[in-house]
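*Asks:* A predicted structure for the sequence below; I have some questions about it.
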Amino acid sequence: QLQLVESGGGLVQPGGSLRLSCAASGFTLDYYGIAWFRQAPGKEREGVSCISRSAGDTNYADSAKGRFTISRDNAKNTVYLQMNSLSPEDTAVYYCAAKRLSRWSQCRFNDMDYWGKGTLVTVSS
């Protein structure tokens, strides 16, 4: 069964940090670009960050620049999203998604092939 599983969400105080993980099972992430999305209550889903197959290309939403870092460990078949300086505005369900890409393609936020079920991040004092 092909699936992505997010973990690492939880409750954190403003200014705190969390590291989200996106682990794949049933397939290897080596051939896939990975993107993180989030959806806050009452809002549309938005792309937060993405990383290419080779990790040579990364992209961040303006809201994530300077605070979030995406990385991947293909040996562990896992992608991470390190989130620092969290604020209540970051509260959302965070999803990872995979898109099969050619070796040198840039990462993307559209037309994803697989999605995880999400992990909830709550930033509150």
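*Replies:* Yes, it's here.

*Asks:* work out which residue lies at the spatial centre of this protein.
*Replies:* In the chain, the centroid-proximal residue (Cα atoms, centre = their mean) is residue 36; its distance is 2.6 Å.

*Asks:* for that one, give me its contacts.
*Replies:* 20, 22, 47-50, 70, 79, 81, 94-97 (Cβ atoms under 8 Å, 6 or more residues apart in numbering). No exception for glycine: its C-beta is placed from N, CA and C like everyone else's.

*Asks:* and residue 45, by the same measure?
*Replies:* So residue 45 contacts 37-39, 95 (Cβ under 8 Å, 6+ apart).

*Asks:* ok so, going back, now tabulate the contacts of residue 36 in CSV and tack on secondary structure, distance to residue 31 and pLDDT.
*Replies:* What follows is the contacts of residue 36, written out as CSV (DSSP: H, G, I helix; E, B strand; the rest coil; distance: Cβ to Cβ, whole Å; pLDDT from 0 to 100):
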residue, secondary structure, distance to residue 31, pLDDT
20, strand, 22, 98
22, strand, 15, 98
47, strand, 20, 98
48, strand, 22, 98
49, strand, 19, 98
50, strand, 15, 98
70, strand, 18, 98
79, strand, 13, 98
81, strand, 20, 98
94, strand, 23, 98
95, strand, 20, 98
96, strand, 16, 98
97, strand, 14, 98
